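**Student:** Test case, fold it:
(one chain, ligands or ions: 1)
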Amino acid sequence: MPRILHLGVGNFFRAHQAWYTQRCPDWRVTGVSFRSGAVRDRLAAQDYTYSLVIKDAAGTKIERITCLDGMLVMTEDPMAVISAISDPAVDVITLTVTEKAYCLASDGALDKNNPAIRADIDGGSLTPIGALVRGLAGRTTPVTVLSCDNLPDNGRKLGDAIKAFAKAANLTIRATVTYPSCMVDRITPATTDAIRGEAGDDMAVPTEGFTEWVIDDDFAAPRPDWPGVQWVSDVAPHEMRKLRMLNGAHSYLAYAGVLRGHTFVHEAIADPVLRAGASGIMTEAAATLPADVQRQAKDYAAALIARFENPNLHHRLRQIAMDGSQKLPIRILATLTDRSGVDSPALTAAVTAWIAFVQQEVAEGRTLDDPRADEILKACTSSDPDAALRALIGAS
Ligand code: CS2
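**Tutor:** Numbering: from 1, shown residues only. Predicted structure coming up:
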């Protein structure tokens, strides 16, 4: 049976890529966890199957996902992960490891000064990039490596990072490997006890009904015929639309929403000030999109607002607020750069909201959930926190 190896078995993978693969009964998935064995243990206890709790404004549907049939844990057995990446039985390797795990510098290239990358090049630890390089270096058959994280040009960036790491670590990848880019979309909150109770399943995952996946059709080996996927030759316009309109508005709602005392996205979007701000981000972002997607932008924006209004999803603003230093440059600053010289009040308000949010978190003694938390903390206590925080994320 053809096999996918998936790195990063979080809720998003379980709601999105696993849901599509569930519709391709010939394909099976091995998961890889980079942290502890906890998720593996809990999934193994139920044969790696779990309930997807799909919540729309109209109601709830529960589907059973059974395409995952085993998991490896990096911290327990790194060699098993590397062997799985080299395994000729694996045709597709997918990843959802979050923005920060790519260890990219502000120019989008691998940050060789990142301590984890440095340690990995020296053979001391294993990052997702390092594990991929070591596994791919041992491969003899073609494979596709498909990044499913919210980064523009995610495939090209991953391919470039892998090549840069291989060069620095003196490793050679001889097999044919392609790195298609793709745009992924399905709003997937963290699991709560209420969801576990509702599904009667400890490993249940909540998500919305809407789902979208647009993929560059550039596969080196057999691929699943995932139903509903839009196969394209250039995913960039779709990535821009989604990252700048959906994720840009999400990040704004997260920071400004927490500051205005809200907990969930559906509450924030019902606040007239925040609703106007989120719509403003979408309008300002839409103007930067290529002409063909720009034509759909108005309908897309209306559909996004309706998705944000979903009263049953209970998507926490603080979940979206995490890792702002990684997200803002992609979701807000790139759009601002493209609009340089044009008044952009909504995008500017998003940057201001992030600055106010991190300062409030620090003032109230909360730990910042961000890989650059130490630098943010230092900036907050400097003589001009506003300027220091702007400089930290590259905002002018
Ligand atoms: C959110 C995304 O947490 C976040 O930063 O903006 O996870 C968002 O829900 C997804 O990209 C939707 O596809």
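
**Student:** Output the set of residues of the stretch 101-250 of the chain in proximity to the ligand.
**Tutor:** 150, 185-187, 247, 250 (C-beta under 6 Å from any ligand atom). Just so you know, the C-beta spots here come from the backbone N, C-alpha and C atoms, and that holds for glycine as well.

**Student:** So which of those residues belong to strands?
**Tutor:** Of those, the ones assigned to strands by DSSP state E are Asp185.

**Student:** Tell me how many other residues crowd Gln319.
**Tutor:** Neighbourhood size, Gln319 [other C-beta atoms under 10 Å]: 16.

**Student:** so how far is the ligand from the residue lying closest to Lys298 once chain neighbours are set aside?
**Tutor:** Spatial nearest neighbour of Lys298, excluding adjacent residues (C-beta to C-beta, 6 or more residues apart in numbering): Ala286 at 7.6 Å. Distance, Ala286 to the ligand, using C-beta to the nearest ligand atom, to the nearest Å: 17 Å.

**Student:** shouldn't Ala286 be in contact with Arg295?
**Tutor:** No: counting by C-beta atoms under 8 Å, Arg295 is not a contact partner of Ala286; they are 9.8 Å apart.

**Student:** So these two - more neighbours on which side?
**Tutor:** More crowded of Ala286 and Arg295, by other C-beta under 10 Å: Ala286, with 21 against 12.

**Student:** wait, what's in contact with that one?
**Tutor:** Contacts for Ala286 were tallied using C-beta atoms under 8 Å, 6 or more residues apart in numbering; they are 245, 294, 297-298, 300-301.

**Student:** Minimum pLDDT in these, which residue is that?
**Tutor:** Within the contacts of Ala286, the minimum per-residue pLDDT falls on Gln294 (93).

**Student:** That one - how many residues pack around it?
**Tutor:** Neighbours of Gln294 using other C-beta under 10 Å come to 16.

**Student:** Need phi/psi at it.
**Tutor:** Backbone geometry at Gln294, expressed as degrees, to the nearest 10, gives phi -60, psi -30.

**Student:** cool, Ile65 as well?
**Tutor:** Per-residue torsions, Ile65: phi -110, psi 130 (degrees, to the nearest 10).

**Student:** Report the mean confidence score over stretch 32-51.
**Tutor:** So the average pLDDT for stretch 32-51 ends up being 96.

**Student:** buried ones in it?
**Tutor:** Residues of stretch 32-51 classed as buried by neighbour count (16 or more other C-beta atoms under 10 Å): 32-34, 37, 39-40, 43, 48, 50-51.

**Student:** Rebuild the contacts of Ala286 as CSV, extending it with distance to Gly341.
**Tutor:** Formatted as CSV, the contacts of Ala286 follow (distance: C-beta to C-beta, whole Å):
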residue, distance to Gly341
Met245, 21
Gln294, 19
Ala297, 21
Lys298, 24
Tyr300, 25
Ala301, 23
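
**Student:** Please identify the one among the residues you listed that lies nearest to Asp234.
**Tutor:** Among the contacts of Ala286, Gln294 lies closest to Asp234 (C-beta to C-beta), at 15.2 Å.

**Student:** pretty sure that closest one contacts Ala287?
**Tutor:** Yes: when contacts are counted by C-beta under 8 Å, Gln294 is listed as touching Ala287 (7.4 Å).

**Student:** Highest neighbour count among the contacts of Ala286?
**Tutor:** Top of these by neighbour count (other C-beta under 10 Å): Met245, with 26 neighbours.

**Student:** Tell me which residues touch that one, please.
**Tutor:** So Met245 contacts 281-282, 285-286, 297, 300-301, 304 (C-beta under 8 Å, 6+ apart).

**Student:** Please flag which of those sit within helices.
**Tutor:** In this view, these that belong to helices under DSSP state H are 281-282, 285-286, 297, 300-301, 304.
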